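Enquirer: sequence plus the predicted model coming up.
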Amino acid sequence: MKLIILDRDGVINHDSDAYIKSLDEWIPIAGSIEAIARLSKAGWTVAVATNQSGIARGYYPLAVLEAMHTRLRELVAEQGGEVGLIVQCPHGPDDGCDCRKPKPGMLRQIAEHYGVPLSGIWFVGDSGSDLQTALAVDCQPVLVKTGKGQRTLAKALPAGTLVFDDLAAVAAQLLT
Ligand SMILES: O=P(O)(O)OC[C@@H](O)[C@H]1O[C@@H](OP(=O)(O)O)[C@@H](O)[C@@H](O)[C@@H]1O
Ligand SMILES: [Mg+2]
Ligand SMILES: [Zn+2]
């Protein structure tokens, strides 16, 4: 199966250093919804792995997070595509969970859900933590320049990291 895993904030939707705390603040990055729909219609399974420590920090309730993901699914469905499994880590940095990136627990959960190995699967993110998460389970680290991507680019990247302007460019590469 053709599986790609996406980080959410800074890849699918705009990110903020003040967290994305409401449905109104959840704004898709130009081309990202269409990119997910294009991949999906071409037979790709598009999963999402997202840290959401704002839950643990009390910035927004789980219901708001779920409303954002419902909106994502609706927008992609309007383009004829569908979003696969969305996995989130609601924990804080000090909670010692196994799912908060750069730990690879969410990627492992997605792989187990679909019954596929993770090796070589593209994991698309905007932060260094996303790249480290990919490397931890032999995924292909992919950086986009949206969100925190430019900041991440300013530092050394792991060898072999693929870099694209945005998710639309990632999809264009995979669909050529
Ligand atoms: O990029 P993904 O994983 O989808 O989501 C990132 C968000 O959960 C937030 O993660 C926070 O990091 P801390 O969780 O406070 O270290 C900050 O980077 C926020 O700017 C950001 O909105
Ligand atoms: Mg991100
Ligand atoms: Zn967690």
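Expert: Right, received. Where do you want to start? Ligands and ions are numbered 1, 2, ... in the order given.

Enquirer: not counting its neighbours along the chain, what's nearest the residue nearest the centre of the chain?
Expert: In the chain, the C-alpha closest to the average C-alpha coordinate belongs to D7, at a distance of 1.4 Å (Cα atoms, centre = their mean). Leaving aside its sequence neighbours, D7 sits nearest to G125 (Cβ to Cβ, 6 or more residues apart in numbering; 3.8 Å). The C-beta positions use only the backbone N, C-alpha and C, and glycine is treated the same way.

Enquirer: likewise for L131?
Expert: Excluding its sequence neighbours, the residue lying closest to L131 (Cβ to Cβ, 6+ apart) is P141, at 4.2 Å.

Enquirer: and that neighbour, what does it touch?
Expert: With Cβ atoms under 8 Å, 6 or more residues apart in numbering as the criterion, the residues that contact P141 are F123, G125, D130, L131, A134, L135, L157, P158, G160, T161, L162.

Enquirer: which parts of this protein sit against ligand 2?
Expert: The interface of the chain toward ligand 2, taken as Cβ under 5 Å from the ion, is made up of D7, D9, G10, D126.

Enquirer: hang on, the earlier thing: in helices, which of the contacts of P141 fall?
Expert: Cross-referencing the contacts of P141 with the helices (criterion: DSSP state H) gives D130, L131, A134, L135 as the overlap.
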